[in-house]
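**Q** test case, fold it:
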Amino acid sequence: MDPSPSTAAFLSLLDAFSGNKLSRRQDLGTLIELASHAQGKSMLDELSFYAKFISKCHGIMVRIGSKGEGYDKLTVEFTTNIEKAKGALGAILRGASSDVNTHFTSTYLTMTPESFQNLLALFYDLSWYKNWDIDTSGGTE
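**A** Okay, here's the model as predicted:
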């Protein structure tokens, strides 16, 4: 799905804001484009909230290792929020074409290690969307 000119311009700003760290820019653009219709913005906000939590939690889990204090509790929170994020992602994708749904399902939602790494990369990009949202709304979150 090609982004509209306004979405493409926003993605350029967001990528610059992230220090050019977006690795799933096209798919992030697709989600932003899909969320621009109907009540998708609230679902994208919800998804980006979960994505930011998941990205931070994953970083902590990697840093402390499986023997680290609190790792078990983090694993539970991580898993719970992954499922919530997948639900929000599914809600956004309900308005998508079958091609877009197939792409997102095969790239991010299959039960493979590669798909899980792709999902974490998408969540990382979505965390930048959330950071942008917080910074440009005056930090009211």
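**Q** where in the protein is pLDDT low?
**A** The chain contains residues with pLDDT under 70 at 38-39, 138-141.
**Q** ramachandran coordinates for the residue lying farthest from the centre of the chain?
**A** The centre of the chain is farthest from one residue, Lys67, which by Cα atoms, centre = their mean lies 27.6 Å away. For Lys67, the backbone dihedrals (degrees, to the nearest 10) come out as phi -90, psi 0.
**Q** distance of it relative to Met61?
**A** Separation of Lys67 from Met61 (Cβ to Cβ, to the nearest Å) stands at 11 Å. C-betas here are computed from N, CA, C, even on glycine.
**Q** cool, Ser137 as well?
**A** For Ser137 relative to Met61 (Cβ to Cβ), the value is 29 Å.
**Q** who has more neighbours out of these two?
**A** Ranked by neighbour count (other Cβ atoms under 10 Å), Ser137 and Met61 place Met61 first, with 17 against 9.
**Q** to which secondary structure element is the more buried one assigned?
**A** Per DSSP states H and E: Met61 is located in helix 40-64.
**Q** now whatever helix or strand comes next after that helix and helix 40-64, what's the angle there?
**A** Remark: after helix 40-64, the chain's next helix or strand is helix 71-93, criterion DSSP H and E. Calculated by axes from the mean of the first three to the mean of the last three Cα atoms, to 10 degrees, helix 71-93 forms an angle of 150 degrees with helix 40-64.
**Q** just give me how far helix 71-93 sits from the chain centre.
**A** 11 Å (Cα atoms, centre = their mean, to the nearest Å).
**Q** fine, thanks again, bye for now.
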